[in-house]
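**Student:** For reference, the sequence and a predicted model appear below.
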Amino acid sequence: MKAEILILGVLHRGDMHPYEIKRRLKLAQVENYLDVDIGTLYYAVKQLAKDGLIEERGQEKSGRQVRTIYGVTDAGRARLQTLIMEAFASDKPPMHPLYPSLLFLDLADRDNLLAFARERLAAVETGLMATEAIYNILRTVMAAGGRLLMENAIAHQRTEIDWTRTLITEIEAGPLFPGDPAAFEREKIGEKLATLSKEWTKK
């Protein structure tokens, strides 16, 4: 559950109802740098309560609406610790959504590819400006983890911009190199990669 760590983390700050959890996450702009749909948060809260990770602590009236207030349980506190440590212990490299398409880049329509690449560059540049603006406002008051998160996001966006500019330059230069399958046998690429993999495994 993608929202699990967010809900448990926010409830560690104090008991609150789902609307307040959602408001705080939106205020933190989490949808700008995390793959999570805040709109599904209410379902996630119900699921966490069902699993015993959070529990009802009371109700709050807002006009005609009654909101249930939730708090994190001991099991939820333990679960948050597990989620944090699992994330840091993971050795799985980040996967870019473009990776599958890049394997067949030379087969793409060049004009369309160039247009999309330019649109992508503009979008990432706009995103960087937004992230930097938010960071400059919040950096002196936000938690260390949030500040480090935003600094990492900014670094990735800058790298993405540089890489996308390189992509555009290569597309503009002409047909993209389709690769040379025969070279894999001729240069014994498979054997070299297997040897390199064994050396990494030893380390």
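**Tutor:** Received the coordinates, thanks.
**Student:** Okay, and residue 67 sits in which element?
**Tutor:** Residue 67 is part of strand 65-72 when elements are defined by DSSP states H and E.
**Student:** Also residue 55?
**Tutor:** Here residue 55, judged by DSSP H and E, is contained in strand 54-62.
**Student:** that older thread, and the very next helix or strand once past the strand holding residue 67, how far out from the chain middle?
**Tutor:** For strand 65-72, the following helix or strand on the C-terminal side (DSSP H and E) is helix 74-89. The chain centroid and the centroid of helix 74-89 are separated by 18 Å, computed with Cα atoms, centre = their mean, to the nearest Å.
**Student:** and residue 158, how many residues sit next to it?
**Tutor:** Residue 158 has 15 neighbouring residues, counting by other Cβ atoms under 10 Å. To be clear about C-beta, it is placed using only N, CA and C from the backbone, and glycine gets the same treatment.
**Student:** hang on, I meant residue 16
**Tutor:** Residue neighbour count, defined by other Cβ under 10 Å, stands at 19 for residue 16.
**Student:** what's the answer for the one 3 residues further on, then?
**Tutor:** By other Cβ under 10 Å, the residues close to residue 19 number 15.
**Student:** Offset the numbering so it begins at 36, please.
**Tutor:** All right, first residue 36 from here; so that's residue 54.
**Student:** out of everything not next to it in sequence, what's closest to it?
**Tutor:** In space, and not counting its chain neighbours, residue 54 is closest to residue 102: 6.0 Å by Cβ to Cβ, 6 or more residues apart in numbering.
**Student:** quick one: the residue nearest the centre of the chain and residue 203, what's the gap?
**Tutor:** By Cα atoms, centre = their mean, the chain has its centre lying nearest to residue 69, at 3.9 Å. The gap separating residue 69 from residue 203 is 27 Å, by Cβ to Cβ, to the nearest Å.
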